[in-house]
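Colleague: curious how this folds, go ahead:
(chains A, B, C and D, ligands or ions: 4)
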Amino acid sequence: MKTDLAEPAATELVRPARPSLLARIKHLDHIGLLTATVLLFVVLSLCAPYFMTTKNLLNVLQQSAFVGVIALAMTFVIVAGEIDISVGSAMAFASSLFGVLVTDHGWSLPLAALAVLLVGAVTGLLAGLVRVWFDVPSFIVTLALFSILRGLAQMLTDAVPVQISSAGFSQWGNGDVFGVPVPAVIMFLFLAVSWFVLTRTTFGRSVFAVGGNPDAARLSGISVGRIRALVFGLTGAAAGLAGVLQSAQLSSGDSTIGVGAEFTAISAVIIGGASLFGGRGSVVGTFLGVIFLGLLNNGMVLLDLSSYAQGVARGVIVLLAVVISTRREGVRLRTLLGFVFRRARS
Amino acid sequence: MKTDLAEPAATELVRPARPSLLARIKHLDHIGLLTATVLLFVVLSLCAPYFMTTKNLLNVLQQSAFVGVIALAMTFVIVAGEIDISVGSAMAFASSLFGVLVTDHGWSLPLAALAVLLVGAVTGLLAGLVRVWFDVPSFIVTLALFSILRGLAQMLTDAVPVQISSAGFSQWGNGDVFGVPVPAVIMFLFLAVSWFVLTRTTFGRSVFAVGGNPDAARLSGISVGRIRALVFGLTGAAAGLAGVLQSAQLSSGDSTIGVGAEFTAISAVIIGGASLFGGRGSVVGTFLGVIFLGLLNNGMVLLDLSSYAQGVARGVIVLLAVVISTRREGVRLRTLLGFVFRRARS
Amino acid sequence: GSNKKDGDYVIGVTTLFSSPIINEYTRGMQEAVQGTGVTLKINTSDSDVSKEASLIDTYITQHVDAILVDPISANGSVPAIRRAVNAGITVLCYDTCIEDSARQQLIKGYLTSDQEGLGRTAGEAAAKYITEKLGGHAKIGILSCDASYAICGQRQKGFESALAPGSYDIVAKQEGYVVDKAKPLASDMLTAHPELNLIFGQNEGSAIGAALTVKSDQRAGVHVFGIDITTVIADLMLQPDPALLFTAGQDAGKLGADAVRATVAVLNGTPPVKETQLIAAVPYSADHPETLRAYIDERK
Amino acid sequence: MPTSMSASSAPGTLPAISVRGASKAYGSLQALRDVDLEVAPGEVRALLGLNGAGKSTLVKMLSGVVVPDAGVIRVAGAETVFRSPHHAMGCGVATVHQELSLVPGLSVADNVFLGRWPTRPGSVVDRRALQDAAKQVLERVHCSVAPATRTGKLSIGQQQLVEIARAVGRESRVLILDEPTSSLSAQEADDLIALVKRLAATGVAVIYISHRMDEIHCVADSATVLRDGQLVGTVAMAETTSRALFGMMTGHRQLEPGEAPARPVDSPVVLKVRGLRSDALRGISFDLREGELLGVAGVLGSGRTSLLEALAGARPSTGAVTVNGVSAERRTVGRMRRHGVGLAPENRRTHGLAMSLPIRSNILMGCLPLVSRAGVVSSGSGGRLLRQTMERLRVHWRLNDPPSTLSGGNQQRVVLGRWLANGATVLLLDEPTRGVDIRGKREIYDLLLELSASGVSTIFATSEFEELYRLATRSLVLRHGELVGDVDLRDTGEEQLMMLAMGEEGLSLPTRTGTDNED
Ligand SMILES: Nc1ncnc2c1ncn2[C@@H]1O[C@H](COP(=O)(O)OP(=O)(O)OP(=O)(O)O)[C@@H](O)[C@H]1O
Ligand SMILES: Nc1ncnc2c1ncn2[C@@H]1O[C@H](COP(=O)(O)OP(=O)(O)OP(=O)(O)O)[C@@H](O)[C@H]1O
Ligand SMILES: [Mg+2]
Ligand SMILES: [Mg+2]
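Modeller: Numbering: from 1, shown residues only, chains lettered A, B, ... in the order given. Ligands and ions are numbered 1, 2, ... in the order given. Next comes the predicted model:
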């Protein structure tokens, strides 16, 4: 059973105890992650000059928006027990396609944007279908796509950024609504929508069911294959959106963007408390995860850390964040430390 | 049970019918992959000039050796139901460390090599222990390590390759034994050893047991945690070895090498017929997978494919290879195609 | 194999990775062999030394007449090149090259943009700007690629050499040479250092990233000096009161063409040129829109 | 077999295993409180209790899986503290746990000796020795499977035998079996019981957990009863009756089992099946009437599960199926659900429930269309539906807890609830009371009878005759996927049924897979 994988310790051998009081109050989840984020926030506002300025915090929002949109969609994929590592390349592909459509073929911006989203969704859907029909793990299918889409992006643009000269367009990426950067606004909209879809619609419930136990889902009349394919369509579309936004920010279609985006997105989702084995996760958690990572990167630059040190620090802190936020009932740092010491002793 | 995940179709719902004759003879596994490799081989020797020269084929072996060593170790990790995406960075780290030890600290080559292997093994082991103690999915732990080790490598060398001037040393990477490149020889040794360990020793069986059903393993007194930690020690050491060999080939310690090695290695293992959900896999299959990928890359260059097109082609072909080699009983291309068409129609 | 008749040479080319500048190189090469019977095999080594090695080995097995290599690592690329030379293949460098001793021994010619010169050209423009507009002192931020590519270090060296000592402080430095990574870095850098009033972008991606940020963050006080010219960069400089004031362009097309010609020449028996042949930087300034327009039009 | 050989009464002999004052709490829940147990060599001790009484917890203590909060364990008189399951086995206590613990990817031989493979120097597995040893052990448990077979290919029953072979292979002084027969056909169960008796005769002390009274009576010398984690008492089987035991387990005397309802003859046909075929079914035809409770009997691998799955659309099949007059074409679970047909699968844990999701979701996942408009779930109607369903099931669950916090019986009811909530009119139940205690069973029986009274028709596959006769007056009998009987149970005895189910082959186990070598 999937969850056995998720929590080896939580199989028949150790059934979850009837919810403790702590566990009960913790039905507003993410207490662990919240603590971590707040902690980070406090530390940075103490150590990093200019961190606590509206401008800077808005910056963080804007910079997080691109990967944020992807991470939100990734939540569906991971809750369904799948994974998608093609999103970075998909972003580059979308950006390149968009550039070519607008500049070389003179499509109107909205039309091109629509087309790109559509293409993204369809690509993802196809990947999903391959995964379903041939029963190949999604890791492999999307790994293939990862390489294919990057190649296509370079073919489209010959690896030369395609200038998209339109003042209005760059507003999509750099403008703001009542001071809030447009990409951030879009991310918030996306957050609201995906929260609603995942928690309030039959589709969302089905995603959980499929991730929780595909066989049970199948026997309950949920079309497991359809759901699985659809979630990849979702990440595809999201990557498309992120690609367009990124193009807007750079006012060009660029085949080099999005490298490593898949890892950032997945980290955010897992930090957000989702289980890589499906059946557990929430868009709110993911959003927190995205913010956490955004703050982290921003803070490290503000602290003038060398790019090498940044790599090291990021790794360590992400790991800590995951450990904290995936402890079953909330934070429980005590047990955590106790754990280390006990082991250390033995 | 894990394998339910591996083959959703193979749970009670659709039980394998009584073994077909085809299935019976197929107890020499990998028939699918073998076919694919042979196919590729034939195609290339027909289309690609200079492909069928000893020199070229030896080249393929040498070029495959580095990632090959890693892939062989990765087989253990994947059979145990884990994954390690830190190997590329680990390679860079090993290479950098080696360079620094030899050139800046004047250690002797063998001593430095030993030290690097040790450090690699220990790092992997630690990652494994984190995964075990905090019950964090290995994907996340090694993702963190992926970022940490790359950073450390750059710190060590300040991202400037460290020259290792020693004629004898470059032989480790470029010399040959009776015409066979040294790295290839080492890969073959590694293949023999890991084949023996995985199929003939209690450790190997335990790896299968842990990957196939951790609870069962635990109940039978197999120390699941120990096994899990050990396999990561193995990839760590292998990455160290690959790093040293790579340094030898480049006669310098370089922090930029190994990018994407994790994906190549994992692809090779999966192409080799292992299941990402553990309990299934073989080093022989992995070796075939490595060779397959080596031939593919070599062939695409010989065919003067543009580097963009190569990306696309690689993705597509890897996917095909996986589909073919993971079909439960051998190749069964007919069913495969039938599948597509049926779906297409409906 | 210079016993061949002129015209039917096969030249294997390795490129660092896929970028506009590198495309300019290859474009120049392709144009140079137009009409001549020379064929080019162009492959990218994706900034991966081992992939480069395997590329060169493959060229060796293909019995190419010459290899035109853009080596990734001063030391790391040597062994493969040595194998090629031992196989009787003529090897020339372009853009970057291997460390000197080995180079003297193995390489039949090295053409590159004057990397330090690029930096110096940008530096001189910056120096002028500092004295005229900033009252003689600048607080400089660097968006670098030198942690990953040695030539970027040379550019930095050249840039600083052109600035009057004491006329500047480098207050921040971040590694970011791919535009989508460079932009947020520039943004955070500006936040962390409000006093910052000049950014030096060591390559195309960093220059663009910096320029875009200055615009989007409305930091009118800050201006960008960069290296490399592309249509995107030109376009940025043509905008009203541009953030990117000056860039030292490589004449990448010319470099590519000359590199191929030099290779063919060596194959035809003209003695190899041992010393580095530098292709001068081409200054592009926002004050001279016509040159920028010309650049863009050439590529329409 | 003579209960006199029960050593429990014989004074002087050291108990093979004994535990004093065993207590264990899981968080707030006291799963076990101050329990004493003492089993003599050669004695078969039944451990009885309702779901959640603490049987498995006690077993896990004796097998080193859980560490007791308090309590002293003695093996052959020597006080021991089990550090791990491995250690417990080392001390001669072998256990077959309630949940199967085999590695599907490894060969049967590997599984029989899991973790203690015979080795040559350098911890190299001695494969010949392994094969031979495995062969012997398998013969001892009358398991016909070849040692080289890949375990994943075996049926549940055969896997259960492999598990037992593993325990037996340890030559241990104490053998603990936690509901070993819950997934076995009647035939296999009998074989197992014979085996247990043989082992006991050789002086092995056996602790035997089961919810099947008939079994207990023929295998056990004595019985220890737990209730709510506490020891109720230990009695020699010779001196007690089922009803007394029921009483001890439940804390009050049981009512007489009711009579199965007469088969409705005149009521309309709701399900008409004609020539149903699948990989495992060879042309099955029958009618099901409204409110009817129809049993399906057969030995392991006879096709019961296949039949139910085919009807539920969960496995591809050909043939005509008509539900309430509407013919069901291109059957999928989704379509059959719309026809009002629902399946409660054989294996709750792996196919029935998502343990990571709350009970709420586990029920609603079967009736999302009902509680949603335009794809949007209305929490209002969802809540109402859940409340109604819980009323029909007569339960009060904390809907946000995972089903793993429920007893076996209640878990089964979650699955039933899914289909009731969905307004299903035809229920297909595969082994509905597997692993469910007598009280849970009775409750489920009552529920089913009630449902049938309210017009819901049910087809249930079972391996327990008791259950068959208790619920149904009519039963289909399958053999090798063929319908060999459609009998009226009121004039068909168990023996006849057995003969029908097994045909000429008599008592030989059906092998369902060729033994293809994987090494
Ligand atoms: N790991 C655990 N965590 C929390 N509670 C548990 C755990 N294991 C068992 N329990 C609870 O302890 C009680 C006894 O469980 P146990 O499995 O021993 O009962 P049982 O007699 O074996 O029931 P069954 O007949 O269904 O197997 C039950 O209430 C059960 O829910
Ligand atoms: N594990 C298996 N491997 C191969 N074939 C199987 C397997 N299980 C069942 N079959 C095939 O399906 C037929 C019917 O099996 P099915 O499980 O439906 O019967 P059953 O009476 O429900 O058995 P069970 O008692 O296990 O439920 C078997 O006779 C066999 O031919
Ligand atoms: Mg139990
Ligand atoms: Mg069945």
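
Colleague: what is the neighbour count of residue 70?
Modeller: Going with chain A. 32 (other CB atoms under 10 Å in any protein chain shown). Any C-beta I mention is one placed from the backbone N, CA and C, and that applies to glycine too.

Colleague: hm, I was asking about chain C
Modeller: Residues lying near residue C:70 (other CB under 10 Å) number 22.

Colleague: quick check: it touching residue C:96?
Modeller: Yes. Taking contacts as CB atoms under 8 Å, residue C:70 lies within contact range of residue C:96: 5.9 Å.

Colleague: overlap in contacts of these two?
Modeller: residue C:16 (CB atoms under 8 Å, 6 or more residues apart in numbering or on different chains).

Colleague: now residue D:110. Nearest residue, chain neighbours left out?
Modeller: Excluding its sequence neighbours, the residue lying closest to residue D:110 (CB to CB, 6 or more residues apart in numbering or on different chains) is residue B:205, at 6.2 Å.

Colleague: helix, strand or coil for that neighbour?
Modeller: State at residue B:205, reduced to three classes by DSSP: H, G, I helix; E, B strand; the rest coil: helix.

Colleague: my read: it touches residue D:117, true?
Modeller: Yes. If you go by CB under 8 Å, residue B:205 and residue D:117 touch, sitting 6.0 Å apart.

Colleague: comparing the two, which shows the higher neighbour count?
Modeller: Neighbour totals were compared for residue B:205 and residue D:117, and residue B:205 leads with 25 against 22 (other CB under 10 Å).

Colleague: list the contacts of that one.
Modeller: D:106, D:110, D:117, D:125.

Colleague: do the same with residue A:43
Modeller: So residue A:43 contacts residue A:299 (CB under 8 Å, 6+ apart).

Colleague: how many residues are close by residue A:39?
Modeller: By other CB under 10 Å, 12 other residues sit near residue A:39.

Colleague: and what of residue C:169?
Modeller: Neighbourhood size, residue C:169 [other CB under 10 Å]: 12.

Colleague: once you drop chain neighbours, what's closest to it?
Modeller: Using CB to CB, 6+ apart, the closest residue to residue C:169 is residue C:139 (5.6 Å).

Colleague: so the one you found: helix, strand or coil?
Modeller: Per three-state DSSP, residue C:139 ends up strand.

Colleague: any idea how far the helix or strand where residue D:159 lies is from the chain center?
Modeller: Assessed by DSSP states H and E, residue D:159 sits inside helix D:156-169. Remark: helix D:156-169 is offset 15 Å from the chain centroid, using CA atoms, centre = their mean, to the nearest Å.

Colleague: and that helix with chain A, contact?
Modeller: No. Counting by CB under 8 Å from any CB of the partner chain, chain A is not contacted by helix D:156-169; separation bottoms out at 14.2 Å.

Colleague: for that helix, give me every contacting residue.
Modeller: Counting by CB under 8 Å, 6+ apart, B:220, D:94-96, D:100-102, D:108, D:111-114, D:133-134, D:137-138, D:140-143, D:145, D:151, D:154, D:175-177, D:180, D:183-185, D:188, D:192, D:195, D:199, D:300-301, D:347, D:509, D:512 sit against helix D:156-169.

Colleague: just for the chain, where's the confidence low?
Modeller: No chain was given, so I picked chain A. Applying pLDDT under 70 to chain A flags residues A:1-29, A:327-346.

Colleague: wait, chain D
Modeller: In chain D, residues with pLDDT under 70: D:1-12, D:252-264, D:503-519.

Colleague: close to ligand 4: what parts of it are there?
Modeller: D:304, D:305, D:346 (CB under 5 Å from the ion).

Colleague: tell me which residues touch residue A:45, please.
Modeller: Contact analysis of residue A:45 by CB under 8 Å, 6+ apart lists A:51, A:52.

Colleague: same thing but 10 Å
Modeller: Contact analysis of residue A:45 by CB atoms under 10 Å, 6 or more residues apart in numbering or on different chains lists A:51, A:52, A:53, A:57, A:299.

Colleague: what is the burial count for the first one?
Modeller: The one in question is residue A:51. Neighbour count of residue A:51, defined by other CB under 10 Å: 22.

Colleague: the stretch 51-200 of chain C: helices as residue ranges?
Modeller: Along the stretch 51-200 of chain C, the stretches classed as helices by DSSP state H, counting those that start in this stretch are C:78-86, C:100-106, C:115-133, C:150-162, C:179-192.

Colleague: surely residue A:275 meets residue A:322?
Modeller: No. The pair residue A:275 / residue A:322 is not scored as a contact, 11.1 Å apart, by CB atoms under 10 Å.

Colleague: quick check: neighbours shared by the two?
Modeller: residue B:137.

Colleague: pick out whichever of these two has more residues nearby.
Modeller: Between residue A:275 and residue A:322, counted using other CB under 10 Å, residue A:322 has the larger neighbour count: 26 against 23.

Colleague: what helix or strand does the closest residue to the more buried one other than its chain neighbours sit in?
Modeller: Spatial nearest neighbour of residue A:322, chain neighbours left out: residue B:140 (5.1 Å); criterion: CB to CB, 6+ apart. Assigned by DSSP H and E, residue B:140 belongs to helix B:138-157.

Colleague: in helices only, show me the residues of chain D next to ligand 4.
Modeller: The members of those that map onto helices under DSSP state H are D:304, D:305.

Colleague: which of the residues of chain D next to ligand 4 count as buried?
Modeller: D:304, D:305, D:346 (16 or more other CB atoms under 10 Å in any protein chain shown).

Colleague: surely the second one meets residue D:344?
Modeller: Pointing back at residue D:305 there. No. Using CB under 10 Å, residue D:305 is not in contact with residue D:344; the gap is 11.6 Å.

Colleague: list the contacts of residue D:269.
Modeller: Here residue D:269 is in contact with D:286, D:287, D:288, D:289, D:290, D:292, D:322, D:323, D:324, D:325, D:457 (CB under 10 Å, 6+ apart).

Colleague: tell me what it is bridged to.
Modeller: Beta bridges link residue D:269 to residue D:289, judged by DSSP bridges.

Colleague: got it, and residue C:68?
Modeller: residue C:13, residue C:92.

Colleague: count of neighbours near it?
Modeller: By the measure other CB under 10 Å, the count of residues near residue C:68 is 28.

Colleague: what's the spacing between it and residue C:20?
Modeller: Plainly put, residue C:68 is 19 Å away from residue C:20 if you go by CB to CB, to the nearest Å.

Colleague: please apply the same query to residue D:456.
Modeller: 71 Å.

Colleague: so residue C:21 sits in a strand?
Modeller: No. Counting by three-state DSSP, residue C:21 is located in no strand; its state is helix.

Colleague: apart from its neighbours in sequence, what residue is nearest it?
Modeller: Residue C:21 sits nearest to residue C:252 (CB to CB, 6+ apart), 5.2 Å away.

Colleague: ok, back up a step: among the contacts of residue A:45, which one is most surrounded by other residues?
Modeller: Tallying neighbours with other CB under 10 Å puts residue A:299 at the head of the contacts of residue A:45, with 25 neighbours.

Colleague: whichever strand or helix holds that residue vs helix C:179-192, what angle?
Modeller: Using DSSP H and E, residue A:299 sits within helix A:283-302. Between helix A:283-302 and helix C:179-192, the angle comes out at 70 degrees (axes from the mean of the first three to the mean of the last three CA atoms, to 10 degrees).

Colleague: what's the helix or strand just after helix A:283-302 packed up against?
Modeller: On the C-terminal side of helix A:283-302, the closest following helix or strand by DSSP H and E is helix A:307-326. Packing partners of helix A:307-326 (3 or more CB pairs under 10 Å, 6 or more residues apart in numbering or on different chains; DSSP states H and E): helix A:31-47, helix A:261-271, helix A:283-302, helix A:333-345, helix B:109-134, helix B:138-157, strand C:168-175.
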